[in-house]
Structures are given as structure tokens and as C-alpha cells.
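Asker: A predicted structure for the sequence below; I have some questions about it.
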Amino acid sequence: MNVLFLISDDLTSTALSCYGNEVCQTPNIDTLAAAGTRFTRAYCQATYCGPSRASFLSGYYPHATGVLGYTSPRPQIGDRQTWPQCFKDQGYYTARVSKIYHMGVPGGIETGGDGRDHDGGNGADDAISWTERFNSPGPEWKATGDGETLENNPDGARPVVGGNTFVVVEAEGDDNVHSDGKTAVKAADLIRKKREQPFWLGVGFVRPHVPFVAPAKYFEPFKPYRKIRLPERIEGDWDDIPKLGINYKTSQNMKMDLRHQRKAVGGYYASVAYMDAQVGKVLAALRESGQEENTIVVFTSDHGYHLGEHDFWAKVSLRDESSQVPLIIKVPGKAPGVCHSLVEMLDLYPTLAKLCEVEVPDHVQGKDLSKLLDDPTLAVRDAAFCVAPMRKGFLLRTDRWAFIQYKEDASGGIELFDMQSDPQQFTNLASSPEHAAVVAEMKQRLTQKLIDVRTNDLVNRKRQPAK
Ligand SMILES: [Ca+2]
């Protein structure tokens, strides 16, 4: 079996039509979902690129390696095999196109590296994981077209800028002007190429990560932007949550009025629609190459995203919109299904290894999900674990509860949401006396989870400082 691993950047499942979005249409991802197993409760292990990617690629939780920022896990894991490396060592051709390990967006895409001095311009990449690797440079925010900076631009005086900033560009030209278009072309080439070995091909799309840049036609379904519906908001929503629970980007600190907010959602959706079209090209190439019946396809994102819920925007938050990820696994010959089990991105490494009969190293901290692909009513976990080191935050997500704690001793505050009666997470129950027992139990479970995470074969290893 080949593995085709498709990963979008900063994609919340709530923006996909196969996860219920009625405005943003993603027909290509939907087709894959209809033919595979769609997971409704998959969680990343960290809510921003660097630590999330280092985690599922290395097989360790962020607090096992200590990779909580934008570095490669390699100095921490020594000669232990990453997920693609494990396949490479057992006879696979492994390649990445564009962003698989962390890479700065838009900086790294503009330059074809990551805009930082890591690994010769390949970001937090890990050369030994790959037989070959390819970058997909693109103009990003400098693309020719109709551009506007939405963030911190109340009077409209700010020009279109780069960096991690909400910018929309309705671009001139076709799909292949941009990074993801080039990524699809390269991935299709690699799929068509006949080779002796099976492949593990990682295809990294950078949209819908900011800047929201796509060919103008992808914006049309979302115009006029004034018709975009923003999420429900309630009075006093922030009053019962700790300071660290207020996300790092909000409508207020980004100075985005309702017009800016609606355009941000429209720009995000256009970026998702553009990315979905590129996914379609890669899947068409797979079909045309005659390898659909011996290729496992995975589609996911490195973490989720807020589109105005609670007046929060972007990533980092540990609420479901940000910590939950889309996850579709299609295995040839297996019946399609929808699986509601809690699962983690860490589970991908052992699951794909099992499905491909590749030997999994002992260090891997995830669980094998392969039996869920035969029977989606099964469950493998009673909780998913996710962190936001930037906010010193920890999430333990069980069937019923979302328990979020800030700082290891909880001194930064606690949030407890009843996901059955309050799926939008409006009411923090952490200080309600009738939930004291639940809080105490979840606190204890979180403490134990961190102990388990830190009990691993790296513990006695002399750490090399991260690059
Ligand atoms: Ca990301």
C-alpha cells in the first residue's frame, strides 16, 4: 500500500461542507469523506503549527520532546524514527511537497524556504525523513489583485502586509500562480511517476493559513461579504473565563468591525475552496495513475481555527473549533463510515504503519486506529489531550467534558464545558459547586496524563539544545 498524506494548514473542520458547513462548499474533500472514514472528534496535540507537526511526525506528545515552538524534533529524538522515516527505512520512497514539518507562512512560501535560518531554508524540516523534498514558492500577500489588510486597520490606511496578519487578496491569474496550485502539480507528477517502491507522499497545502490569497473566482460565492453570517455571540461571554482563556487574537485587539469580520470569514472560505480544488487535482491524478486501489489516503489539518466564535479568531485557543481537526482516512476495500471515537493526530503514525504492515518503533505514543476503519462504532480512547504552550494551556476532552487548565498547577484558571448541553462552550462550569467533583476528577486525570506523557524513552537521554 502507498500512503498519500494530505494536510491543510490552519483548517477548521467547521469550514468543510462534509462537516456541516452550509456556505463553504468543499466537493473534493467531501467525495473523499464519502468514500472513507470521517472522524468527527479528532484532536491535534497542540493548537499551532510547530508543536502539532513535530508531535504527530515524531510520534511523541509535545511535552515528551519539549518541542513547544517552531523547531524540528530531531535534536530531541536523536536517531529515533519519525513517521515518514520509519516508512523510508522499511523500503518506501518518501517525499514531501511543501509544508509537512513546520515552515513559516507566508515568509517561507515567499522565499521557497521558511524565512528563517533553519536547515538551509527548509524550515523545521527533517532531511533524513525524506527520499526527496520539494518546496512550492508563491507570491502570497504580494500577489497581484484586489488586496486589503483587515487586522488593525480601522481607517483603511494600512497597506497590504506580510506576516501572520489577516489580509485578503482576490488575486489575478490562475490556480498555479500560488503555492498550493504548484503543490498539486508537483504531487500529481510524483504520483504518476512509476517506481519500484511503494510511496509515502506528504502533500502540504498552506491555505487557508493567512494571508487569505486565492484566484478571484473562489471569492465569488461569498460575495457580497455583508451577507456572511457571523457566529452567535452572547452578552458577557468572557466574564466567566480566565484571562489566559481569551484568545490571542480577538475582534477587539485586531480592531475588526463587523465588515472586517465578515470579509475575514469570506476570505477564509475562498481560501478553503481554492485548497479543496487542489486536493481534487491530486486525487484525480491518483485515480488516473491506476493506483487508487493500492493507496491509503489521509486528509487532515495541523489544528483548527476560530472564525469569530466568542469574538476569537485564528488558532491557539483550546476550544473545539481550534483543537479539533478534520480527519478522513480512506483505505481501499474498506466500507465508508463516520466514526465518533475520540482520536488524536498522534494515532496516525501507528495506524498507517499497521495498515501498511510496517513495523512501528516502541517509542510511539499514539494508538492504532485501524480497527475503527472496520467498525466505526468502536472507540480507542476515553479522552483526547491537546496543549497550547503559548497560553500555558492544557485540554482534556472526554465524551462529555471539555476541561481546560492554564498552568500546570492550574493557577492560570480552569474552564469546564458540558459539551452535551453547551456544545458552543458559552458557560464555564469550573466554579459551580455542583461540578466540583468533576473538576477535581478532571484535574487529577490531567496531572496523570502529563506524568504518562513524560514517562518515555527520552527521559534519561542527554538533550541536545534545539536549533
Ligand atoms: Ca498551522
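Answerer: Nice, thanks for sending it over. Residues are numbered from 1 along each chain as shown.
Asker: residue ranges with poor pLDDT in the protein?
Answerer: Applying pLDDT under 70 to the chain flags the ranges 117, 460-467.
Asker: could you show which parts of it are in contact with the ion?
Answerer: 9-10, 49, 302 (CB under 5 Å from the ion). The C-beta positions use only the backbone N, C-alpha and C, and glycine is treated the same way.
Asker: next, count neighbours for the closest residue to the ion within the stretch 101-250 of the chain.
Answerer: Proximity of the stretch 101-250 of the chain to the ion (CB to the ion) peaks at H209, 5.7 Å away. Neighbourhood size, H209 [other CB atoms under 10 Å]: 27.
Asker: cool, the one 5 residues further on as well?
Answerer: Here the count is done by other CB under 10 Å, and A214 has 30 residues near it.
Asker: same question for N253.
Answerer: 14.
Asker: return the distance of it relative to the ion.
Answerer: Using CB to the ion, to the nearest Å, N253 is found at 20 Å from the ion.
Asker: quick one: that residue from I246, how far?
Answerer: As for N253, its distance to I246 is 9 Å (criterion: CB to CB, to the nearest Å).
Asker: quick one: contacts for N294?
Answerer: Contact analysis of N294 by CB atoms under 8 Å, 6 or more residues apart in numbering lists 1-2, 198, 332.
Asker: farthest pair within the residues you listed?
Answerer: P198 and P332 (12.9 Å; CB to CB).
Asker: before we move on, the earlier item: most neighbours of all the residues of the chain next to the ion, which one?
Answerer: Most surrounded of the residues of the chain next to the ion: other CB under 10 Å gives D302, at 29 neighbours.
Asker: contact partners for that one?
Answerer: Neighbours of D302 in contact, by CB under 8 Å, 6+ apart: 7, 9-10, 44, 48-49, 52-53, 325.
Asker: list the contacts for the residue nearest to it when sequence neighbours are not counted?
Answerer: Leaving aside its chain neighbours, D302 sits nearest to S52 (4.5 Å; criterion: CB to CB, 6 or more residues apart in numbering). Going by CB under 8 Å, 6+ apart, S52 touches 44-46, 62, 302-303, 345.
Asker: can I get those in JSON lines with distance to P231 and secondary structure?
Answerer: Shown next, in JSON lines, are those (distance: CB to CB, whole Å; DSSP: H, G, I helix; E, B strand; the rest coil):
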{"residue": "C44", "distance to P231": "21", "secondary structure": "coil"}
{"residue": "Q45", "distance to P231": "25", "secondary structure": "coil"}
{"residue": "A46", "distance to P231": "24", "secondary structure": "strand"}
{"residue": "P62", "distance to P231": "28", "secondary structure": "helix"}
{"residue": "D302", "distance to P231": "22", "secondary structure": "coil"}
{"residue": "H303", "distance to P231": "18", "secondary structure": "coil"}
{"residue": "M345", "distance to P231": "25", "secondary structure": "helix"}
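Asker: residues contacting E140?
Answerer: 105-106, 109-110, 162, 178-179, 211, 213 are the contacts of E140 under CB under 8 Å, 6+ apart.
Asker: among these, which ones are in strands?
Answerer: Among the contacts of E140, the residues falling in strands (DSSP state E) are V213.
Asker: nearest to C24, of the contacts of E140?
Answerer: V213 (16.5 Å).
Asker: mind listing the helices for the stretch 51-200 of the chain?
Answerer: 62-65, 74-77, 83-89, 107-111, 179-192 (DSSP state H, counting those that start in this stretch).
Asker: quick revisit: isn't the residue of the stretch 101-250 of the chain closest to the ion up against T12?
Answerer: No - in this structure H209 lies outside contact range of T12 using CB atoms under 8 Å: 11.7 Å.
Asker: which residues are common contacts for those two?
Answerer: Joint contacts of H209 and T12 (CB under 8 Å, 6+ apart) do not exist.
Asker: list the contacts for whichever residue of the chain sits closest to the ion?
Answerer: In the chain, no residue comes nearer to the ion than C49, which is 3.5 Å away by CB to the ion. By CB under 8 Å, 6+ apart, the contact set of C49 is 9-10, 70, 102, 105, 302-303.
Asker: got the residues you listed as JSON lines, with distance to Y274 columns?
Answerer: Shown next, in JSON lines, are the contacts of C49 (distance: CB to CB, whole Å):
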{"residue": "D9", "distance to Y274": "13"}
{"residue": "D10", "distance to Y274": "14"}
{"residue": "Y70", "distance to Y274": "25"}
{"residue": "H102", "distance to Y274": "22"}
{"residue": "V105", "distance to Y274": "14"}
{"residue": "D302", "distance to Y274": "18"}
{"residue": "H303", "distance to Y274": "20"}
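Asker: from those, which is closest to L286?
Answerer: D9 (21.1 Å).
Asker: residues in contact with the residue lying closest to the closest one once chain neighbours are set aside?
Answerer: Leaving aside its sequence neighbours, D9 sits nearest to H209 (CB to CB, 6+ apart; 4.1 Å). Counting by CB under 8 Å, 6+ apart, H209 makes contact with 9-10, 105-106, 271.
Asker: ok but G202 is inside a helix, no?
Answerer: No - counting by DSSP: H, G, I helix; E, B strand; the rest coil, G202 is not part of a helix but strand.
Asker: could you report the neighbour count for it?
Answerer: Neighbours of G202 under the rule other CB under 10 Å: 25.
Asker: isn't it right next to F5, touching?
Answerer: Yes - at 4.7 Å, G202 counts as touching F5 under the criterion of CB under 8 Å.
Asker: which neighbours do the two have in common?
Answerer: I100.
Asker: and for A46, the neighbour number?
Answerer: That count, for A46 with other CB under 10 Å as the rule, works out to 31.
Asker: from what I see, it and R391 are in contact.
Answerer: No - A46 lies out of contact with R391 (CB under 8 Å); the separation is 11.0 Å.
Asker: quick one: the longest helix belonging to the chain to chain centroid distance?
Answerer: Using DSSP state H, we find that the single longest helix of the chain is helix 258-288. Relative to its chain's centre, helix 258-288 lies at 15 Å (CA atoms, centre = their mean, to the nearest Å).
Asker: strands of the stretch 301-450 of the chain, residue ranges please.
Answerer: Counting by DSSP state E, counting those that start in this stretch, residue ranges of the strands within the stretch 301-450 of the chain are 306-307, 313-314, 324-330, 337-339, 343-344, 384-388, 393-397, 401-406, 414-418.
Asker: could you dump those to JSON lines with distance to A188?
Answerer: Shown next, in JSON lines, are those (distance: least, CB to CB, whole Å):
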{"stretch": "strand 306-307", "distance to A188": "30"}
{"stretch": "strand 313-314", "distance to A188": "31"}
{"stretch": "strand 324-330", "distance to A188": "18"}
{"stretch": "strand 337-339", "distance to A188": "28"}
{"stretch": "strand 343-344", "distance to A188": "29"}
{"stretch": "strand 384-388", "distance to A188": "33"}
{"stretch": "strand 393-397", "distance to A188": "37"}
{"stretch": "strand 401-406", "distance to A188": "40"}
{"stretch": "strand 414-418", "distance to A188": "43"}
